[in-house]
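Undergrad: Sequence below, structure please.
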Amino acid sequence: MLALIRGAGDIATGIALRLYRAGIRVAMLEVAEPTTIRRTVAFSEAVRLGECAVEGITARLAFNVDEALLAIGRGEVPVLVDPGAASVEAFAPDVLVDAILAKRNLGTTIDMAPAVVGVGPGFTAGLDCHAVVETMRGHYLGRVHYEGSALPNTGIPGLIGGFAGERVMRAPADGVFRGRVRIGDEVRSGDVCGEVAGLPMRATIDGVIRGLLADGVHVSAGMKAGDVDPRCEPGFIRCASDKALAVGGGVLEAILALTSALVRQRSRETTLPGRVSHDWRMMDDIKLTKLSECAGCGAKVGAGVLAQLLSDLPVKRDPRLIVGFDKSDDAAVYQLTDDLAMVMTCDFFPPIADDPYTYGAIAAANALSDIYAMGGEPTIALNIMAVPESMPREVVHEILRGGYEKVAETGASIAGGHSIYDEEPKYGLAVCGLVDPRRLLSNSGARPGDVLVFTKKLGSGCVVTAAKGDLASEAQVAAAEASMMTLNRYARDIMAVHDCHAATDVTGFGVFGHVLEMAQGADVAVELDADAFELLDGARATARLGILPAGMYRNRRFAEAEVEPAEGMPRDLLDVLFCPETSGGLMIAVSPDDAEALLADLAADPRVPSAVVVGRVAEHVPGTRRIRVRGV
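TA: Numbering: from 1, shown residues only. Next up is the predicted model:
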């Protein structure tokens, strides 16, 4: 669900915090020169600073709807300068919230979204919005009106610490405001806190500066320009107010009530309640990647969250289960005989490419890669598929054909599978393979001194995210898709005849996430050369612009405490190494005595996209970070 909020001041920000934490995607519209007083708790500061954070949630200035959607994909709240709400049609929000707090309606209409919520006086439920939320401090604060209007504005600020109007400072004249104190400073009654046209603006009570206009804002005489909090609690300065959160709670209640009513209405009109219907007759104009919030392995549950989810599950001990879910490995391994073991994996995800065949082939290559990372050979696979009920048969057929032909390239067979209806397409495979237990390669066998070799170019996550916003060239997308469709079979064939001790395929957890699992599993440290990785065209440029999938931020939260970058390491390069890859290359730990020969054999095979030494394995010193990163 997408909620578009008009206004980004402190009350609007409290609303955004409530909605964001409830799992609702949020975008905000502001004026070019915000007049927010409580700037430390307002996303409107993103207009002035480019980005800001409130209670751990980041807002970023976006210059168009495409940039805003990319920011949402990164887990951020985009703020656009659009006081007239001209972008509403392009956003096509599920909910529109007018939180400008102008005490009158500045152009919001009830047809702007399926659910429209007005905040404070100036709106009438049933006329220009579907619901109105009360903003008057007191008994009714945060109440939702589904008929009528909010209480009229009294012009008297709410009571805080025993003071009401006395705590507000107002501009002494028309002109440009200049602050003489900072938010959080303690002041006494009579202290000069700002000036306009040479005239002082003074505090009228003792306390802490709770809010203050930014320097350079144009004001008129009598306009609110500052706020003193007599409670003198510095911690309140950076926390959304009780009023903002109460109003936000009311907006959330209204959204849930209105959307539930909408779903009930749709249930009488459609076969399945709330199902999104796509006009598949216009398939040439519909991109598969637009039907999903996350693409490919970027949709993967973060490694840290996954570990917590699995932590309390009982593990059945079976001596023949060589690798199970209690190990952070690429696949499960079950020993059948002394010289034969079964390797099993399952992998599926939303569309990573707009072409159905390409999507199917990439999803299959990604699932098969887990078998190859263990040194195994795929033998049989089962389809896993979810598709919208309205998706044409030819589109479904092309997705399946891409998977079938990729599996056929390995010599394995697809023997069936399972499919369900879902609003968001998903496809992948459950794969079974075989391996000699004596030749099994886990991700925890690396030894100090081993050389790390990587077999594909990095950056598919960056390029695909840029492509979702139409910000990548056709050549860049084609190169990324070709890389993702390439099987790791050929690198595995070469790896199998060399003295390799460990391997993993770099996918959803990014380079740092997967290398960290290798290092933890083997109780070693890893030294990476960031500049040694070959990158897909456009990957670093898009990272430099902040065009990154939400999975990158999940990976960073998981791994950054164990990553020690060299001083001055460019942020964009680190972001690429944190970024999720889909059907990425093999990270191989090879004996230093055999590294040169392995590298030569990989480089000589044109079916292996890349062959570069990217680091080495070292002893881990307790109390130090597992991954040290070198580079320019």
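Undergrad: Low-confidence ranges, this structure, go.
TA: Scanning the chain for pLDDT under 70 picks out 153-162, 164, 261-316, 325-330, 632.
Undergrad: Can you give me the neighbour number for P172?
TA: A count of neighbours around P172, defined by other Cβ atoms under 10 Å, yields 19. To be clear about C-beta, it is placed using only N, CA and C from the backbone, and glycine gets the same treatment.
Undergrad: Quick check: nearest residue in space to it, chain neighbours excluded?
TA: Of all residues not flanking P172 in the chain, L199 sits nearest, at 4.0 Å (Cβ to Cβ, 6 or more residues apart in numbering).
Undergrad: I figured the one you found was touching D174, is that so?
TA: No - shown here, L199 and D174 do not form a contact pair, counting by Cβ atoms under 8 Å, at 10.1 Å.
Undergrad: Torsion angles phi and psi at Y553?
TA: Y553 adopts backbone torsions of phi -70, psi -40, taken as degrees, to the nearest 10.
Undergrad: Packing partners of the longest helix seen in the chain?
TA: Across the chain, the longest stretch assigned as helix under DSSP state H is helix 242-267. Contacts defined by 3 or more Cβ pairs under 8 Å, 6 or more residues apart in numbering; DSSP states H and E place helix 242-267 against helix 10-21, strand 95-98, strand 115-119, strand 131-133, strand 144-145.
Undergrad: As a markdown table, those with mean neighbour count and distance to E527 would be great.
TA: Compiled in a markdown table, the helices and strands packed on helix 242-267 are given as follows (neighbours: other Cβ atoms under 10 Å; distance: least, Cβ to Cβ, whole Å):
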| stretch | mean neighbour count | distance to E527 |
| --- | --- | --- |
| helix 10-21 | 26 | 38 |
| strand 95-98 | 28 | 49 |
| strand 115-119 | 27 | 53 |
| strand 131-133 | 28 | 55 |
| strand 144-145 | 20 | 57 |
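Undergrad: from memory I362 sits against A482, does it?
TA: No - at 9.9 Å, I362 does not count as touching A482 under the criterion of Cβ under 8 Å.
Undergrad: So those two - more neighbours on which side?
TA: Neighbours per residue (other Cβ under 10 Å) separate I362 from A482, with I362 holding more: 33 against 13.
Undergrad: Leaving out chain neighbours, which residue sits closest to the more buried one?
TA: Among residues not flanking I362 along the chain, M484 sits closest, at 4.4 Å (Cβ to Cβ, 6+ apart).
Undergrad: Make sure I have this right: that neighbour is in a helix.
TA: Yes - the assignment for M484 is a helix, going by DSSP: H, G, I helix; E, B strand; the rest coil.
Undergrad: Could you count how many residues lie near S260?
TA: Using other Cβ under 10 Å, S260 has 11 other residues around it.
Undergrad: again with E481
TA: E481 - counted by other Cβ under 10 Å - has 24 other residues nearby.
Undergrad: Can you tell me the SS state at it?
TA: helix.
Undergrad: per-domain residue ranges of this structure.
TA: 2-156+242-259, 173-230, 296-630 (automatic domain parsing).
Undergrad: So which of the ones you listed is nearest F236?
TA: domain 173-230 (6.3 Å; Cβ to Cβ).
Undergrad: do you know how far E409 is from P609?
TA: 15 Å (Cβ to Cβ, to the nearest Å).
Undergrad: oh, I was asking about G138
TA: Remark: distance between G138 and P609 (Cβ to Cβ) = 66 Å.
Undergrad: who's more crowded, those two?
TA: In terms of neighbours (other Cβ under 10 Å), P609 is the more surrounded of G138 and P609; the figures are 20 against 9.
Undergrad: So that one is in contact with G585, correct?
TA: Yes - between P609 and G585 there is a contact at 7.0 Å, judged by Cβ under 8 Å.
Undergrad: shared neighbours of those two, anything?
TA: Applying Cβ atoms under 8 Å, 6 or more residues apart in numbering, one finds that P609 and G585 are jointly contacted by T455, K456, K457.
Undergrad: quick revisit: how about the helices and strands packed on helix 242-267, which one is nearest E377?
TA: Between E377 and those, the shortest gap by Cβ to Cβ is with helix 10-21, which sits at 46.2 Å.
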